[in-house]
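Student: Quick check, what structure comes out for this input:
(2 chains)
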Amino acid sequence: MQDLLSLFVKSIFVDNMIFAYFLGMCSFLAVSKNVKTAAGLGVAVIFVIGVTLPIDYLLNRYLLTDGCLTWISPSLANVDLSFLSFIIFIAVIASITQLVEMVVEKYSPSLYSSLGIFLPLIAVNCAILGASLFMQEKGFATLGQATVYGLGSGFGWFLAIVSIAAIREKLAYSNVPKPLRGLGITFIIAGLMGIAFMSFMGVKL
Amino acid sequence: MDKKIFTTPILKANPITVLVLGICSSLAVTVKLEPAIVMALSVTIVTGFSSFLISLIRKSIPNRIRIIVQLVVVAMFVIVIEQFLKAYAYDVSKQLSVYVGLIITNCIIMGRIEAFGLSEKPLPSLVDGLANGLGYGLILVVLAFIRELIGSGTLFGIQIIPLSWYVKEGGHYLNNGLFIMPPMALILIGCLIWIQRSFQKDLNDK
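Tutor: A predicted model of the protein is given here:
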């Protein structure tokens, strides 16, 4: 239990998807103009990542790892399907995203219209595929660990996008040099936030 | 064929600094020049050919499932690239780690397929894809050049700053470790955007 908790905190702060690995930058920069939309997208990402990772973990464990097909028949011990992992992971992500899109459209039309194109684009949000691939690389031992890692990374992403959206809302009132306005200053702020997040790197959990 | 299809994406409508596509995986690979160039080439190839292939079959893709079709096509090319790198450039592929796989979700590829490949003929799509890949590569190389030179004092792994300058050798020079850190890449891109927009005034926000 304790190590699950520390994994959760670690994946939020130390291994933050945005500030430590740069994943999911596109929608992070494009949908962070106001806090409400940013929070909506953040929740959608937490959901997709939290559902995808356990599924990907099971697929990886029972289908993709080298020689893991022995549970079907011992004669398959030499089969290595790991090169298929990209296609399988992305197919899972795309179908979960489609599901979320339909749910959001039905229950919250206003959020649906404000997220616009970025809802289907969760499918190509690198944070989600990235989390699946990191999960594969880190080789988690249990399903619980993979799920907690997924939820933690999603929550870290949520935290990052909401905080930058809050800063950008305030920034609208400040006097930024003209060529730097908009995109440029957002990059620099994201960089400064990244430096702040680096202070978590020394934390041992 | 219009020459603009090739020239615009490289500078005027650069995918990174103007369209803000493909930031995700690109920043982490610019610590050193070598992986940056490999990454840029891989992305160029995948963007060009997946745009070409999608454009070939664009009339037979049902609109509803087009994202999945596109992802499968892109994933196919990425798997080919990944296996190729593992076979012929193992060290670089280890350095790039998951970022090769993340080419699939590189927004440049999806963005170009959606904006260009789905509606244009195959050959212009190929050129558009390649040009966007090169525009992306240009930024990657500039970033990697600055970061490797200031951060580690080397280029392509070859020592550029004379060793005798370093404090260890009795000199007065220290590498700026911040440039190897991820956040510095974001700040550098911010500065690149700043420079580009001071010359191209039409891009400025109101």
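
Student: Can you check which helix is longest in chain A?
Tutor: Identified as the longest helix of chain A according to DSSP state H is helix A:143-171.

Student: excluding its backbone neighbours, what's nearest the residue sitting nearest the centre point of chain A?
Tutor: In chain A, the C-alpha nearest the mean C-alpha coordinate belongs to residue A:127, at 3.4 Å (Cα atoms, centre = their mean). Leaving aside its chain neighbours, residue A:127 sits nearest to residue A:24 (3.3 Å; criterion: Cβ to Cβ, 6 or more residues apart in numbering or on different chains). Glycine gets a C-beta too; all of them are placed from N, C-alpha and C.

Student: rewinding a little: looking at this, the residue nearest to the centre of chain A is in a strand?
Tutor: No - checked against DSSP: H, G, I helix; E, B strand; the rest coil, residue A:127 lies outside a strand; its state is helix.

Student: Low-confidence ranges, chain A, go.
Tutor: A:116-118, A:205 (pLDDT under 70).

Student: thinking again about what came up before, looks like the residue nearest to residue A:127 contacts residue A:16 (just checking).
Tutor: No - with contact defined as Cβ atoms under 8 Å, residue A:24 does not reach residue A:16; the gap is 10.6 Å.

Student: shared neighbours of those two, anything?
Tutor: Common neighbours of residue A:24 and residue A:16, counting by Cβ atoms under 8 Å, 6 or more residues apart in numbering or on different chains, are residue A:157.

Student: and the two? which has more neighbours close in?
Tutor: Between residue A:24 and residue A:16, counted using other Cβ atoms under 10 Å in any protein chain shown, the more crowded position is residue A:24 (30 against 24).

Student: got a list of what the more buried one touches?
Tutor: Applying Cβ under 8 Å, 6+ apart to residue A:24 gives the contacts A:17-18, A:45, A:125-128, A:130, A:157, B:24.

Student: what ranges do the helices span in chain A?
Tutor: With DSSP H as the criterion, chain A has helices at A:2-9, A:25-30, A:35-59, A:85-107, A:109-115, A:126-138, A:143-171, A:183-198.

Student: can you list contacts of the shortest one?
Tutor: Think helix A:25-30. Helix A:25-30 is contacted from outside by A:18, A:41, A:118, A:121-122, A:125-126, A:157, A:160-161, A:164, A:183, A:186-187, A:190, B:20-24, B:27, B:107, using Cβ under 8 Å, 6+ apart.

Student: swap in stretch A:153-165?
Tutor: Here stretch A:153-165 has contacts from A:11-13, A:15-19, A:24, A:27-28, A:31-35, A:37-39, A:41-43, A:45-50, A:127, A:131, A:186, A:189-190, A:193, using Cβ under 8 Å, 6+ apart.

Student: Check stretch B:190-202 too.
Tutor: A:177-180, A:183-188, A:191, B:12, B:14, B:17-18, B:139, B:142-143, B:203-204.

Student: Show me which of those residues are buried.
Tutor: Burial by neighbour count, judged by 16 or more other Cβ atoms under 10 Å in any protein chain shown, picks out A:179-180, A:183-188, A:191, B:14, B:17-18, B:139, B:143, B:203-204 from those.

Student: For the residues you listed, which two are the farthest from each other?
Tutor: Maximum pairwise distance among these (Cβ to Cβ): 22.4 Å, between B:143 and B:204.

Student: Alpha carbons of stretch A:50-59, as CSV, please.
Tutor: Extracted C-alpha coordinates of stretch A:50-59, given in CSV (Å, rounded to 0.1, in the frame of the first residue of the first chain):
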residue,chain,number,x,y,z
GLY,A,50,-6.6,5.7,-16.1
VAL,A,51,-8.6,3.3,-18.2
THR,A,52,-6.0,2.8,-20.9
LEU,A,53,-3.1,1.8,-18.7
PRO,A,54,-4.6,-1.2,-17.0
ILE,A,55,-5.8,-2.5,-20.4
ASP,A,56,-2.4,-1.9,-21.9
TYR,A,57,-0.8,-3.6,-18.9
LEU,A,58,-2.8,-6.7,-19.4
LEU,A,59,-2.2,-6.8,-23.1
